[in-house]
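Asker: got a predicted structure here, sequence first:
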Amino acid sequence: MSTAGSACNIRHCPSAASLPSCPLAYDVVVNRPLGDETPPVVLQAADNIGGYSLRISPTTVDKLGVKLYDKVSAVVAELVANSYDADAEKVEIDLPLGTSLATKNKETGDIEEPNPAWEIVVTDDGHGMTPEEARRFYLEVGRDRRLHEDQGARSRAKERAVMGRKGIGKLAPFGVCRVIEVISSGGEEAEQGFCTSHFLLEYDRIMAAGEPDADLEFSNKVPLQTGDLDGTYQPTSGTTIKLKSFLNKRVPVFDTFKRQLERRFALTTEEDFEIKVHDTRGQHEDFEVEAFKVPIEESTRIDLSARPVQLEDGRELPVAGEIGMATEAYKNEEMAGVRIYARGKIIATTRDFEQPAGYTGEYTTRSYLVGEVHADWLDDDEGEDLVRTDRQDILWSSELGEALRDWGADLIKEVGANSRDPRRNKTQAAFLKKSQIELKAKERFDDPAVISTAVDLGKQIGRFAAEDELEDESYVTDLCEVILSVAPHRALMAAFHEFSSAVLGKDVKLETLADIFGKTHVAEVASYGQIAHERVRAISELKEAIEDGESKEDRLQEILAKAPYLIDPAWSAITRNQWLKTFKESFEAEWKKETGEEVVLSIEYENKKPDFILAFVGGTLHIVEIKAPGHKFGNDDFDRLARYVRAFRKFQAKHSQLLDRFPDGWQIDLVADEVNITNDDKREAFESFKERDEVKPISWTVFLARAREAHEEFLNARDQAQAHGN
């Protein structure tokens, strides 16, 4: 594997028998990955025969290991990819599924291993590495192995297009552990077997080496610990990587780990490459890693083999795979989006091919678009390196990236068009099943026509319901209630339509008129039911806001602005008329002109905080000012109120014709729990406002009690329904 796989294609490798320790001593200055601004990595083979040492920038280890790889599955995938590059046919993974490898002490921050015996072991039967090859190729980070004269872009024996390129996969385990043990046997088979290299990479030892100085020289040489098997011979070639001394990481449970690992490789049955996983905790039987598939709605499936990516110069880049809409919404992160592969390994995942937000069908695309794209040209040997270092995305801003993005945009439109009817039919069926709309309609209505209308509405609305919210019981219930409220009115309109047709065509039967009157009654009852439901909800919300003791004025203003009938039960929607709007706009404009300040009068709920809420009830213009529950209306509050009283008086004198539309005048309803005006002059003025009916104070307790009393029948009906479980 180049942990193993970085092994070379040396044509005349020294015989392991004649050189059992494969001596080779030299220094190497390593190339940096594209875009990596960390100092160059310097590795040095040991001067002593059979030993290993390493000089490397701790910053590089941190950036290329710890920062890029933080999932166990991602680390294991890197090791498996190296096995593939080393011509392995079988890879075995031993690890404890569903296990916390270590925990962090909350008080000290120290890592505590609950079971120090836990290991993650990846073993393969590839060509392995001799000690010489380990020094020359494995202990070299950041070099493009595909361009190396002794390695190249193809594996040594099987001529596989290698997955590795940057040579940094060996650092990936440092994202989850602190010790990497490498045992690898390779080279030409001797009489004794295959010569073995055995050494440990220890994070703490490497990091203690320090950073390079200005001349890129390291002050400390870091010898690597040599293992007992180093220089010995083993009967078979291959590599074993053992990960130990873990960070605060967890191995996912069986299903999750299997999905995470499978989606990283585009495995086919034709390849002689097998991956087996063994749970060392014994909770699951051994399993093989298989091809990762997400079920696609057949009517939306597009075969990509005949859809090459077009470049501006006329060239066509081959693509394989498929794309379409999933048969169900994503149940886990691994299912989401389109997986992009190159050389059999994932290099990116996209849900929208980098399309800007706001395109038609965006929600459905991001929730259901799935598939796999195979495009080896994105990881071409001699072309620009388009794959991000952690192999989780590509450079979309490149020429090929932009071509893929445009190609994907056209596919999204096509898949979206193909999926529209199947998706809506599926949503409709789900809504009808979950809502039980027909059963509820039969329980509420006796008229078959109204029941039929409710079911028809359920079918129509169900097609456009938000599928991801159909699991939310309250969402389905609310949608169902809307349908049952509208159904009688729609049935009534249908009856009138039939009636008008009958009048034009023939004599009208008495039964037709009776049917219309019956539907009229049903519609009227439904309207009253909806009004009752809304008012009971508003009273409950107001009660909760008053009693929680922490409600701000903003929340109370919002409740009253949305439900002005709480101010006076005589209010009705029809009174929210143009004259009220005219008064609002005129007063706001005049106030700003005279004071330079803004005042907000609210007729209905708005996003900005209002100073007053307006309601026109009967012949009176109610101007409502509220204070939070428990607030004492004091001297400063009075000064503000007095300014508005004088302003309303002045406005009335100046615009008498406008105020004539409110024959019973105007009144400021002051909702506050206590009035505590300590200044004698101000208290006297406040009393005069009350005597002139310009200000009417009321406490929240009385306000709520008055609203409950006015809607007593509605509340009693609600309580009875709850008692019967409705």
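Answerer: Now that the structure is in, tell me what you want to look at. Every value quoted in this text rests on a predicted model; they were computed, and no experiment measured them.

Asker: so where is the stretch 201-350 of the chain shaky, pLDDT-wise?
Answerer: Counting by pLDDT under 70, the ranges of the stretch 201-350 of the chain that qualify are 209-222, 269-270.

Asker: how about 50 then?
Answerer: The stretch 201-350 of the chain contains residues with pLDDT under 50 at 213-220.

Asker: against residue 334, how distant is residue 282?
Answerer: Taking Cβ to Cβ, to the nearest Å as the measure, residue 282 and residue 334 are separated by 25 Å. Using the backbone N, CA and C atoms, a C-beta is placed for each residue, glycine as well.

Asker: which one's more surrounded, those two?
Answerer: residue 334 (21 against 9; other Cβ atoms under 10 Å).

Asker: I'd guess that one is in a helix, am I close?
Answerer: Yes: assignment of residue 334 by DSSP: H, G, I helix; E, B strand; the rest coil places it within a helix.

Asker: residues in contact with it?
Answerer: By Cβ atoms under 8 Å, 6 or more residues apart in numbering, the contact list for residue 334 reads 256, 259, 260, 263, 292.

Asker: just among these, which is most surrounded?
Answerer: That'd be residue 263 among the contacts of residue 334, by other Cβ under 10 Å, with 22 neighbours.

Asker: quickly find the element holding residue 239.
Answerer: In this structure, residue 239 sits in strand 238-246 according to DSSP states H and E.

Asker: show residues contacting that strand.
Answerer: Residues outside strand 238-246 that contact it (Cβ under 8 Å, 6+ apart): 1, 3-4, 75, 79, 82-83, 86, 88, 101-102, 111, 113, 118-126, 128-129, 173, 176-186.

Asker: all strands of the stretch 151-300 of the chain, in order?
Answerer: Remark: strands assigned in the stretch 151-300 of the chain by DSSP state E, counting those that start in this stretch are 177-190, 193-202, 222-226, 233-234, 238-246, 250-251, 274-279, 287-288.

Asker: so how far is the first one off the chain centroid?
Answerer: In this case it means strand 177-190. Centroid separation for strand 177-190 versus its chain: 41 Å, with Cα atoms, centre = their mean, to the nearest Å.

Asker: by contact count, what packs against that strand?
Answerer: In terms of contacts (3 or more Cβ pairs under 8 Å, 6 or more residues apart in numbering; DSSP states H and E), strand 177-190 is packed against helix 131-133, strand 193-202, helix 203-207, strand 233-234, strand 238-246.

Asker: could you redo the last one with a cut-off of 7 Å?
Answerer: Under the contact criterion of 3 or more Cβ pairs under 7 Å, 6 or more residues apart in numbering; DSSP states H and E, strand 177-190 touches strand 193-202, strand 238-246.

Asker: just the third one next, same as before
Answerer: Helices and strands in packing contact with strand 222-226 are listed as strand 52-54, strand 193-202; criterion 3+ Cβ pairs under 7 Å, 6+ apart.

Asker: returning to that earlier point: the contacts of strand 238-246 in helices, which ones?
Answerer: 75, 79, 82, 83 (DSSP state H).

Asker: and of the residues you listed, the nearest to residue 452?
Answerer: Distance to residue 452, by Cβ to Cβ, is smallest for residue 75 among these, at 60.4 Å.

Asker: and that closest one, how close does it get to residue 168?
Answerer: Distance from residue 75 to residue 168, by Cβ to Cβ: 12 Å.

Asker: the most centrally placed residue in the chain and residue 277: what is the separation?
Answerer: Among the residues of the chain, the one closest to the centroid is residue 333, at 8.9 Å (Cα atoms, centre = their mean). Note on residue 333: its distance to residue 277, by Cβ to Cβ, is 20 Å.

Asker: with residue 690 instead?
Answerer: Distance, residue 690 to residue 277, using Cβ to Cβ: 81 Å.

Asker: who has more neighbours, the two?
Answerer: residue 277 (21 against 13).

Asker: quickly list what the more buried one is bridged to.
Answerer: residue 93, residue 287 (DSSP bridges).

Asker: that one against residue 284, yeah?
Answerer: No: when contacts are counted by Cβ atoms under 7 Å, residue 277 is not listed as touching residue 284 (8.5 Å).

Asker: before we move on, back to that, using CSV, write down the CA coordinates of the strand holding residue 239.
Answerer: Coordinates of each C-alpha in strand 238-246 appear next as CSV, following Å, rounded to 0.1, in the frame of the first residue of the first chain:
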residue,chain,number,x,y,z
GLY,A,238,1.8,-7.3,2.2
THR,A,239,1.4,-4.4,4.7
THR,A,240,-0.2,-4.0,8.1
ILE,A,241,-1.0,-0.6,9.5
LYS,A,242,-1.9,-0.4,13.2
LEU,A,243,-3.4,2.8,14.7
LYS,A,244,-3.0,3.3,18.5
SER,A,245,-3.3,5.9,21.2
PHE,A,246,-6.5,7.6,20.0
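
Asker: sheet-wise, list the partners of it with their directions.
Answerer: Strand 238-246 has the following strand partners under DSSP bridges: strand 120-124 (antiparallel), strand 177-190 (antiparallel).

Asker: about what we covered before: could you export the contacts of residue 334 to a markdown table, including columns for distance to residue 429?
Answerer: Listed next are the contacts of residue 334 as a markdown table, based on distance: Cβ to Cβ, whole Å:
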| residue | distance to residue 429 |
| --- | --- |
| 256 | 30 |
| 259 | 28 |
| 260 | 32 |
| 263 | 30 |
| 292 | 28 |
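
Asker: sweet, I'm off.
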